[in-house]
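> Build the 3D model from these lines:
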Amino acid sequence: KAVRLGRRIYDNLRKATGFIFAVHVPIAGLALLPLLTGLPILFGPMHIAFLEMVIDPVCSLVFEAEKDEEDVMRRPPRAPDESLFSGPWIGWSLLQGAFAFALVAVIFIVASQRGMPEAEVRALTFVTLVLAIVSLIFVNRSFSASPITALRRPNLTLTLVLLAVTAMLGLTLLWPPVSDLFRFGPLHLDDLALTFGAGVFVLILLEALKPLWRKRLRS
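The predicted structure follows:
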């Protein structure tokens with residue numbers, strides 16, 4: 001039991017820190033992109049605070065509550081001097097973040113070039129980023145389980161966090177005082193469908209790539 005618990009804690013630390021690496025790539029990229037392209041500035045203090053209200057509970061609570069991996073007791077003991085992060089693990093985390101950033105950046109640039117009002121572009125991009133972050137949570141929940149198994153594995157803390165994120169997003173989009181605070185314009189059903197589709201695409205793409213990295217991640 002002690003070995004199992006130790007391995008679960010070690011796994012969950014890697015999941016949480018891997019998510020931290022991944023999630024800050026699109027955030028940093030979208031903060032710098034307007035400076036490099038001359039497009040409108042996306043993020044203000046309220047947007048960053050919102051993102052941290054998502055990221056911090058995920059790292060400190062959601063991944064801590066993750067259950068054992070199915071093969072947790074079938075692995076050989078790890079070397080005592082093994083680092084928490086290997087090169088392939090950092091590379092996998094950065095790759096996740098790069099894919100999320102690329103997709104959200106394309107949506108941001110195309111929406112701006114098509115003449116969408118700045119407030120609507122900001123809302124569209126921000127909601128897409130939040131849903132991409134949710135996809136990164138699910139990608140990092142498991143090393144070896146299939147996507148369906150990982151999605152079905154219960155985690156009450158994750159459910160509560162997702163409900164809170166949904167409620168907060170709804171407030172920022174639907175309640176005028178909060179929308180004005182975030183400088184968001186209205187989003188239509190096709191815009192919301194695009195944001196949801198982008199989040200699902202990030203999840204499917206990264207889950208498809210995960211088996212190619214699995215052996216490296218175990219090293």
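
> Just to check, L131 is in contact with L194?
No - if you go by C-beta atoms under 8 Å, L131 and L194 don't touch, sitting 10.1 Å apart. For the C-beta atoms, the positions are set from N, CA and C on the backbone; glycine is no exception.

> In terms of neighbours, single out the busier of the two.
A side-by-side neighbour count of L131 and L194, using other C-beta atoms under 10 Å, places L131 first with 22 against 17.

> Ignoring the adjacent residues along the chain, who's closest to that one?
G199 (3.2 Å; C-beta to C-beta, 6 or more residues apart in numbering).

> which residues sit in contact with that neighbour?
Neighbour list for G199: 128, 131-132, 134-135 [criterion: C-beta atoms under 8 Å, 6 or more residues apart in numbering].

> And the pLDDT at the residue nearest to A65 when sequence neighbours are not counted?
Computed as C-beta to C-beta, 6+ apart, the closest residue to A65 that is not its neighbour in sequence is T157, at 4.5 Å. Per-residue confidence at T157 stands at 89 (pLDDT).

> how many neighbours does T157 have?
Counted with other C-beta under 10 Å, T157 comes out at 16.

> Okay, and it sits in which element?
Element membership of T157, judged by DSSP states H and E, is helix 156-174.

> which helix of the chain spans the most residues?
Using DSSP state H to define each element, the chain has its longest helix at helix 2-37.
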